[in-house]
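Visitor: predicted model and sequence follow; I will ask about them next.
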Amino acid sequence: MVVNPQQRPGELPAVHEAWLPREHSLHRPRHGGRQLTALSCALVFFATPVFSWMFGARAGEIENHKLASFPSIADGWGMFTGLPAWATDHLVFRAAAIQAADGVSRGVFGEPAPLDQGNREPSGPLPGSPSPQDGEQGEDAPQAGSGRVLEGKNDWLYFGMDVESKCAPGRPLNESVQQLNKLRDAVTDSGRKFVLTVTPDKSTMVPQNLPDSYPGKDCARAASEKLWPEAIDNGGAIDLRPALRAAADRLHRPVYFKQDTHWTDEGSLEMVRALAENIKPGSTATWNTPESGMRTSTADLTMMMGRPADKRGMSYELRPDGFTDRTGELLRNLNRPVHRKSDSTIGTIDERTTVLGDSFTKVASRYLPAAFTDLTMLHYNSITDDARVAAKSLADSEIVVVQIVERSLASGNAPILDQGFINEASAALQPR
């Protein structure tokens, strides 16, 4: 036996726990039953999507994101950390399992299943939340997490990030607005026009159907009240809220979908109208927007809950000159620049324009090309993949429009706020 010189008298030599006597309290077999069970479960978990694919089964998108792609060996260790997301997304029967779990939870316990709670710790209030006073349990006291979907009154659903982004922002709100102002300065200093519009969250415009109590209620409300003066007064943003309220009063219903986080086509039209009026006052005087029929698609919040349901809303024609419909097809992907060009007519904006926005730009993509004759649309999340592409789109334009949803501005994490992108855009925006 080789004796360790640092070994104390009476101590066992430093050996692997599997080599210790079975009677020893630290003995662990090298390949115990639990280890083999865990390895077998892991093998089944990762192999199931592969064998399902080989036999023709395909997983569908049941959440508000694309299915995770298989990680590349070029990712290094990231290949192994990315495997669970890929395997989870590509489980063929996952949608049925989620629906079954939710059905059991509602039927047995009378409440929705705590799906997709992530790593949220129920150990205390959300960051930034007020603490309960005098021993009372406030609305932001320890709870099981807010989840990704808030179930409100009258079957209304809300995106949980409307709350979470405001209660735990990545940077202070004033710094986020400062970042947008830096981008504005880079654009205007080059001789171009800059337009900013902030899209209100559904929870801001239709608060009456929110649940009476939910984690983060107080801090989210306080953050939203601070956001709008900051964005409008200090950021120069177009305030869409009055136009959206007027549209809701005219229609006798909200201009947001009941079970989707986005606004209806009426909301899209109000944004397009506000942009056109800001750039060219009076240009919308000739506009005519007759109804063109009902449009049906899947509501994103129900998909996130594993209970897909349809949303139905009226679609419209947009006739800038009052006579000719110039609406296009709804775009499904803005990860790369999408360019649309058409002839000039009465009521259109003819300068080269880039709209750098998010999913609300996507749902408005039928109407934007009807009002702008030389238009490029791009999702600002694409900046993460290649900031140069977005910067070049800005440089190729005479007008730069930034559309950002309230929750993204509140979170401070939107790629458009990144200093690296602003530097890239500044370099590309040479003075005209």
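Guide: Right, received. Where do you want to start? Residues are numbered from 1 along each chain as shown.
Visitor: count of neighbours near residue 346?
Guide: Neighbours of residue 346 under the rule other CB atoms under 10 Å: 14. C-betas here are computed from N, CA, C, even on glycine.
Visitor: how about the contacts made by it?
Guide: 286, 320, 321, 322 (CB atoms under 8 Å, 6 or more residues apart in numbering).
Visitor: go with 10 Å
Guide: 283, 285, 286, 287, 319, 320, 321, 322, 323, 324 (CB atoms under 10 Å, 6 or more residues apart in numbering).
Visitor: how near is the second one to residue 273?
Guide: To tie it back to what came earlier, the one meant is residue 285. 11 Å (CB to CB, to the nearest Å).
Visitor: and those two? which has more neighbours close in?
Guide: residue 273 (20 against 10).
Visitor: residues touching the closest residue to the more buried one other than its chain neighbours, list them.
Guide: Leaving aside its sequence neighbours, residue 273 sits nearest to residue 284 (CB to CB, 6 or more residues apart in numbering; 5.2 Å). Residues near residue 284 by CB under 10 Å, 6+ apart: 272, 273, 274, 275, 276, 277, 320, 347, 371.
Visitor: residue 165 is in contact with residue 404, isn't it?
Guide: No - between residue 165 and residue 404 there is no contact under CB atoms under 10 Å: 11.7 Å.
Visitor: so what's in contact with those two at the same time?
Guide: Common contacts of residue 165 and residue 404 (CB under 10 Å, 6+ apart): 410, 414.
Visitor: any low-confidence regions in the stretch 201-350 of the chain?
Guide: In the predicted model, the stretch 201-350 of the chain carries no residue with pLDDT under 70.
Visitor: show me where it has strands.
Guide: Taking DSSP state E, counting those that start in this stretch as the criterion, the stretch 201-350 of the chain carries its strands at 238-239, 291-298, 310-316, 338-341.
Visitor: alpha carbons of stretch 303-320, as CSV, please.
Guide: Extracted C-alpha coordinates of stretch 303-320, given in CSV (Å, rounded to 0.1, in the frame of the first residue of the first chain):
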residue,chain,number,x,y,z
MET,A,303,-50.1,28.4,-27.4
MET,A,304,-47.8,29.3,-24.5
MET,A,305,-50.3,27.5,-22.2
GLY,A,306,-50.4,24.4,-24.3
ARG,A,307,-54.1,25.1,-25.2
PRO,A,308,-54.1,26.5,-28.7
ALA,A,309,-57.1,28.6,-29.6
ASP,A,310,-58.1,30.8,-32.5
LYS,A,311,-58.3,34.6,-32.4
ARG,A,312,-60.5,36.4,-34.9
GLY,A,313,-60.3,40.0,-35.9
MET,A,314,-61.4,42.3,-38.7
SER,A,315,-58.9,43.1,-41.4
TYR,A,316,-59.0,46.3,-43.5
GLU,A,317,-58.0,47.8,-46.8
LEU,A,318,-55.7,50.9,-46.7
ARG,A,319,-56.4,53.3,-49.6
PRO,A,320,-54.1,56.3,-49.1
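Visitor: contacting residues for residue 376?
Guide: If you count contacts by CB under 10 Å, 6+ apart, residue 376 has them with 334, 337-341, 352-356, 392-394, 396-397.
Visitor: err, residue 190, not the other one
Guide: Neighbouring residues of residue 190 by CB under 10 Å, 6+ apart: 394, 395, 400, 425, 426, 428, 429, 430, 431, 432.
Visitor: hang on, the earlier thing: among the contacts of residue 346, which ones are buried?
Guide: Among those, those classed as buried by neighbour count (16 or more other CB atoms under 10 Å) are 283, 287, 319, 320.
Visitor: my guess is the second one contacts residue 370. True?
Guide: The reference is to residue 287. Yes - with contacts counted by CB under 10 Å, residue 287 reaches residue 370, the gap being 9.2 Å.
Visitor: shared neighbours, these two?
Guide: Counting by CB under 10 Å, 6+ apart, the residues touching both residue 287 and residue 370 are 269, 272, 318, 319, 320, 347, 348.
Visitor: mind putting those residues into TSV with distance to residue 151?
Guide: Shown next, in TSV, are these (distance: CB to CB, whole Å):
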residue	distance to residue 151
269	29
272	32
318	35
319	40
320	41
347	42
348	43
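Visitor: from the contacts of residue 376, which land in helices?
Guide: Counted as lying in helices by DSSP state H, out of these, are 392, 393, 394.
Visitor: need the contact list for the second one.
Guide: When you say that, I think you mean residue 393. Residue 393 neighbours (CB under 10 Å, 6+ apart): 336-337, 339, 352, 354-356, 376-378, 382, 400, 425, 428.
Visitor: go again using 6 Å as the cut-off
Guide: 337, 354, 376, 378 (CB atoms under 6 Å, 6 or more residues apart in numbering).
Visitor: which pair in those spans the largest distance?
Guide: Farthest pair in those (CB to CB) is 337 and 354. Separation: 7.9 Å.
Visitor: how far away is residue 371 from residue 409?
Guide: Taken as CB to CB, the span from residue 371 to residue 409 is 24 Å.
Visitor: can you check residue 389 too?
Guide: Distance check for residue 389 against residue 409: by CB to CB, it reads 22 Å.
Visitor: the more surrounded of these two?
Guide: Neighbour comparison, residue 389 and residue 409: the larger count goes to residue 409, with 29 against 15 (by other CB under 10 Å).
Visitor: let's verify the more buried one: helix, strand, or coil?
Guide: Using DSSP: H, G, I helix; E, B strand; the rest coil, the three-state assignment for residue 409 comes out as helix.
Visitor: list the contacts of stretch 256-268.
Guide: Counting by CB under 6 Å, 6+ apart, 156-157, 159, 202, 205-206, 247, 255, 299-302, 309, 311, 313, 315-316, 363-364, 367 sit against stretch 256-268.
Visitor: of those, buried ones?
Guide: Counted by 16+ other CB under 10 Å, the contacts of stretch 256-268 give 156-157, 159, 202, 205-206, 247, 255, 299-302, 311, 313, 315-316, 363-364, 367 as buried.
Visitor: from those residues, which land in helices?
Guide: Per DSSP H, those map to helices at 202, 205, 247, 300, 301, 302, 363.
Visitor: re the thing from before, just the buried ones from the contacts of residue 190, in ChimeraX syntax?
Guide: In ChimeraX syntax, the buried subset of the contacts of residue 190 is picked out as below (16+ other CB under 10 Å):
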select :394,395,400,425,426,428,429
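Visitor: let me know the closest of the contacts of residue 190 to residue 230.
Guide: Nearest member of these to residue 230, counting by CB to CB, is residue 400, at 20.8 Å.
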